[in-house]
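> quick one: sequence and predicted model below, then my questions.
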There are 2 protein chains.
Amino acid sequence: MVSPWKTASVPGLQLGLGCGFWICRSYRLLFRAGAMGPHVVPRQLVWLSRWQAVCAWGASVQHRTWAGVSRMPSLLSSGGALGASPLVRRSSSSTPPDAPEVVLTQQRYPVTRLPFSVVSAEDLAAFERILPGGVVTDPEVLEASNVDWLRTVRGCSKVLLRPRTSQEVARILRYCHERNLAVNPQGGNTGMVGGSVPVFDEIILSTTLMNQVISFNSVSGTLVCQAGCVLEELSRYVEERGFVMPLDLGAKGSCHIGGNVATNAGGLRFLRYGSLHGTVLGLEVVLADGTVLDCLTSLRKDNTGYDLKQLFIGSEGTLGVITAVSIQCPPKPRAVNVAFLGCPGFAEVLQTFSSGKELLGEILSAYEFMDAECMWLVTHHLRLASPVQESPFYVLVETSGSRAGHDSEKLSDFLERALSSGLVTDGTVATDQTRLKALWALRERISEALSRDGYVYKYDLSLPTERLYDLVSDLRARLGSQAKHVVGYGHLGDGNLHLNVTSEVFSPSLLADLEPYVYEWTARQRGSVSAEHGLGFKKRGVLSYSKPPEALRLMQQLKALLDPKGILNPYKTLPAQA
Amino acid sequence: MVSPWKTASVPGLQLGLGCGFWICRSYRLLFRAGAMGPHVVPRQLVWLSRWQAVCAWGASVQHRTWAGVSRMPSLLSSGGALGASPLVRRSSSSTPPDAPEVVLTQQRYPVTRLPFSVVSAEDLAAFERILPGGVVTDPEVLEASNVDWLRTVRGCSKVLLRPRTSQEVARILRYCHERNLAVNPQGGNTGMVGGSVPVFDEIILSTTLMNQVISFNSVSGTLVCQAGCVLEELSRYVEERGFVMPLDLGAKGSCHIGGNVATNAGGLRFLRYGSLHGTVLGLEVVLADGTVLDCLTSLRKDNTGYDLKQLFIGSEGTLGVITAVSIQCPPKPRAVNVAFLGCPGFAEVLQTFSSGKELLGEILSAYEFMDAECMWLVTHHLRLASPVQESPFYVLVETSGSRAGHDSEKLSDFLERALSSGLVTDGTVATDQTRLKALWALRERISEALSRDGYVYKYDLSLPTERLYDLVSDLRARLGSQAKHVVGYGHLGDGNLHLNVTSEVFSPSLLADLEPYVYEWTARQRGSVSAEHGLGFKKRGVLSYSKPPEALRLMQQLKALLDPKGILNPYKTLPAQA
């Protein structure tokens, strides 16, 4: 059993010698030269090299960044109320030629158009005066903005407006408010719940051309920019200056910072840098009537009156249109490590998290988990290779710190304890960009693998961490052979479970077994039925599972106060009123 | 010159060998055995021991915690609009016997009572039915709740209510709403701007008896508790369980967590753990009409509808009464170090901060500064000894981390660079509790020293960090010999300047030279005229210097929506309406 391993003595702790590997506390290093297989050396604190596995992924690794539908042909999906499947395809230029039309939202869902005005030729002329050259009516171009990237909802807007300044946004909204025209604010159109496309013929107000950095303070790390800046471009901009954006998403190649703020995006850095409610310093917002609300300060502290910007963070464009953002960027970490580990049970996943918080402390930047069925899906459908032996659960632990040597020591101690105590049965570590991404891909491409498995019923839940996986086990027993797969994965460090169920084709009886069961289960735990995706159009009906009637009433009052005619992103966020 | 120093070789970097000291990069250690004086060894990276200085402070060190007026007899003060002086004293039982009455707010300030009802005997009977034994009308007891701890404002409330549950708060507010009775919510009464005491005869609704911890999750660190829990007691509670509160204040011995949230308290851990807008997970709030708004979740992520709790964070009790708080507690740092350094100029203060961010990275937890006049005040009025040689500026750098050895190395590298590059000319380091507190006292007792210097004109401003001290220099030139002292200190890491001016006695002409000059200067920098103290009663008139008319209008609309009769903490936060 020892023959496939090469042993070497090294003078001290090291990480990232070309490939992911494990280092033992006694500085004995074992490189694995052969193929993968069971190879745990019990009772020995041995960090096992897995360089072949990690390096072999190179070809199949999908970059964490994606840039909209055109770069994601594999992510075709349908829609039942909350589902996504690869059965529906699109016909626009960025879609494979065999993709069928997405059914119009108004035909698929029980929703009635509200009595807004219809865009007239006079309106188009007025928009053209406000935005010379910025008024799009070409149906081919409009198609991509009428359909969400998951291809589950489709509006029939006849006009797309592309302002460059907040003053132009203000003039547009003032006009629309007077004319009672409904408006659908749109950023990168990367939302998961149908919030970013029109339901009927709402005017699409795109932030695409509002893509200028306004200022960056290289001492404080405060970035001020227009709402249409693409997150990845902002990341690059601030990283060149020694900082990072406080949020990172799979959609960063397409999503706009304004949309991130409007949806209170969570993502991959939430565990470390927290919520946008804490990192956004200021906003400029245009209200429904065209009033420009300038709260675009760059101050970390400001207790003069109510913190109005908070109202708009996570309001999904229903209370105002965010036109500029001031955000606090943390210093760029000098060292990043990722460990991918196998755990024998969910209890061990939780204990490993506690141990990580204790031993990694301030450098712990992500703690993600996935179950064995997730691993089966990514290895089976996407042909990714598992870097560790088969386990009931896997966790991805990321550290980000300012000093590589210190971080390596902390990580090594953490891994040693996890392995020696039996919390972790196997694992691998990566430090360079290529392998970091390869390990991240295992976690991030689960959604893609699911879409290849059949019809997908998707849930994005916040639950008390210790109960987080019970729902998955519960459902597996409840659904039995009705479901192909019942899988759980997500941002465990944030208490955020992505629960997904697949079946060959859409099954109303399966859906009936899932809903409202999942929502009621979540509500009993005082969880959230939408942890980070928001409610948009598709989930607005389930708000009451996570919020009491008094809260819903106050939300409706706020909506009525800020947008009395209801023209901003109608049919979104709040349930339809009786 | 070398004789007073003892030299020792040590095997590695160390900090905290009994007393504060400096360690050289080459591990040469010099203990200073003699008295203090100029002792920089140019071009040598020598960390100089200052143990006598640090240890000698023991007797005069004031614990960072204070527990209300009764423990702060030296903090007597008056008020002009924003001033504080030791000239006015109080007569209540907790006040020195020679302290004169504080003038009634309605006599000192131009403010008119709004047409609320007056508390009747029937009202008192109704309150007694809601709160058997919880209705206080004894004038002696009421006195402490009618006067702010700075002794600058004084109401004439005739009744203090002490509910124990949110249901009792709801019944009280429902009753007051129906009867049009004004209510002043009160926590620990530690506010700086007169927000926590009645202006006229508002009913005082105290959270003092709402002091129960509801739950604590020792895996996630989520604390749920009633609003009246004292911050220091919560700190102790969570520290025993391996966590810390994400905020720390000088007032922690008295202030209530509900009041902290209602005023969006900043304090000493802001740089590390950020704003309460990010760390508060949920709130229970009773609205003006008695509706209980239960948003008391413990979820890190929840994007179901608008994040209503944000409305109440920093609203100073004018939109609702916070009755319970759910808050995310970070793990307790295992190592804390404090360095107290002398800098030759403000440019060097800023560069030292940049260097600290770079080399201390994720363990930097505080970066405070004070100028030479501040040091003169604390050494002259409080007889504290400066631990370093005389410098134009001083900074206090705190690190908090999970691994003492790593933290020491980072700190040592930072100090080495700061000293060798001339950014810092002298300094001392402490690692144990007594000396940490002694160093912190130099910074924290400035306010007390100011109050002994004469009449104090106080400003709490957020400014772009690079311009932060310009206002102090400007004012010093502008005021000339009119002022005794013009001093600047504060949370530099957060861009928060505490600007204070003293004169022998209150001078209207000096005030006229200060205001609106200070506010206009701040507004030109897009700063905040209240960084962390809020507006309360005393600063509500200056809101417009930091917020545009559109924001003010929306704030007034929100107030009208949530509290249509205006019964909640009237005369506070928003300017009086014409």
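Yep, it's here.
> tell me who's in contact with residue A:182.
Each residue near residue A:182 by Cβ atoms under 8 Å, 6 or more residues apart in numbering or on different chains is listed here: A:114, A:116, A:176, A:198, A:200-203, A:566-568, A:570. The C-beta positions use only the backbone N, C-alpha and C, and glycine is treated the same way.
> switch the cut-off to 7 Å
Residue A:182 makes contact with A:116, A:202-203, A:567, A:570, according to Cβ atoms under 7 Å, 6 or more residues apart in numbering or on different chains.
> hey, what's the nearest residue to residue A:548 once chain neighbours are set aside bridged with?
Spatial nearest neighbour of residue A:548, excluding adjacent residues (Cβ to Cβ, 6 or more residues apart in numbering or on different chains): residue B:294 at 5.2 Å. Assessed by DSSP bridges, residue B:294 has beta-bridge partners residue B:284.
> is residue B:294 in contact with residue A:547, as I believe?
No: Residue B:294 is beyond contact range of residue A:547, at 8.9 Å (criterion: Cβ atoms under 7 Å).
> which one of the two has more residues nearby?
residue A:547 (24 against 18; other Cβ atoms under 10 Å in any protein chain shown).
> shouldn't that one be in contact with residue B:304?
Yes: with contact defined as Cβ under 7 Å, residue A:547 counts as touching residue B:304 (5.7 Å).
> picking that back up, which members of the contacts of residue A:182 are classed as buried?
Among those, those buried by neighbour count (16 or more other Cβ atoms under 10 Å in any protein chain shown) are A:116, A:202-203, A:567, A:570.
> can I get those residues in JSON lines including distance to residue B:320 and secondary structure?
Shown next, in JSON lines, are the buried ones among the contacts of residue A:182 (distance: Cβ to Cβ, whole Å; DSSP: H, G, I helix; E, B strand; the rest coil):
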{"residue": "A:116", "distance to residue B:320": "34", "secondary structure": "coil"}
{"residue": "A:202", "distance to residue B:320": "34", "secondary structure": "coil"}
{"residue": "A:203", "distance to residue B:320": "36", "secondary structure": "strand"}
{"residue": "A:567", "distance to residue B:320": "29", "secondary structure": "coil"}
{"residue": "A:570", "distance to residue B:320": "28", "secondary structure": "coil"}
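> of all pairs in those, which one is the farthest apart?
For the buried ones among the contacts of residue A:182, the farthest-apart pair by Cβ to Cβ is A:203 and A:570; their separation is 11.2 Å.
> may I have the phi/psi pair for the residue positioned nearest the centre of chain A?
In chain A, the residue lying closest to the centroid (Cα atoms, centre = their mean) is residue A:267, at 4.7 Å. The phi/psi pair for residue A:267 (degrees, to the nearest 10) reads phi 90, psi -160.
> give me the three-state assignment for the residue nearest to it when sequence neighbours are not counted.
What sits nearest to residue A:267 in space, not counting adjacent residues and going by Cβ to Cβ, 6+ apart, is residue A:249, at 4.1 Å. With DSSP: H, G, I helix; E, B strand; the rest coil as the basis, residue A:249 sits in coil.
> OK, now which residue of the stretch 401-550 of chain A is nearest to chain B?
With distances taken as Cβ to the nearest Cβ, the stretch 401-550 of chain A approaches chain B most closely at residue A:402, which sits 2.6 Å away.
> surely that residue touches residue A:333?
Yes: at 6.4 Å, residue A:402 counts as touching residue A:333 under the criterion of Cβ under 7 Å.
> near residue A:544, how many other residues are there?
Count around residue A:544 with other Cβ under 10 Å applied: 16.
> that one belongs to a helix?
Yes: the assignment for residue A:544, made by three-state DSSP, places it in a helix.
> contacts only, for it.
Contacts of residue A:544 by Cβ under 7 Å, 6+ apart are residue A:552.
> residue B:110 versus that one, what's the distance?
48 Å (Cβ to Cβ, to the nearest Å).
> likewise residue A:508?
Distance, residue A:508 to residue B:110, by Cβ to Cβ: 69 Å.
> can you check residue A:558 too?
Taking Cβ to Cβ, one finds residue A:558 at 34 Å from residue B:110.
> strands of the stretch 251-400 of chain A, start to end?
In the stretch 251-400 of chain A, the strands defined using DSSP state E, counting those that start in this stretch lie at A:280-286, A:292-295, A:321-328, A:335-343, A:364-371, A:393-401.
> now do the fifth one: distance to the chain's middle.
Right, strand A:364-371. 14 Å (Cα atoms, centre = their mean, to the nearest Å).
> which residues of the stretch 151-300 of chain A lie near chain B?
A:219-220, A:264, A:266, A:274-275, A:277-278, A:291-295, A:297, A:299-300 (Cβ under 7 Å from any Cβ of the partner chain).
> among those, list the two that are farthest apart in space.
By the measure Cβ to Cβ, A:219 and A:291 form the most distant pair in those, at 33.0 Å.
> and those two? Which one has more around it.
residue A:291 (20 against 14).
> the more buried one touches residue B:550, doesn't it?
Yes: counting by Cβ under 7 Å, residue B:550 is a contact partner of residue A:291 at 5.3 Å.
> roughly how far apart are the residue nearest to the centre of chain A and chain B?
As judged by Cβ to the nearest Cβ, to the nearest Å, residue A:267 and chain B stand 10 Å apart.
> same check, this time on residue A:268
13 Å.
> surely that residue touches residue A:365?
No: in this structure residue A:268 lies outside contact range of residue A:365 using Cβ under 7 Å: 8.4 Å.
> pick out whichever of the two has more residues nearby.
residue A:365 (24 against 20).
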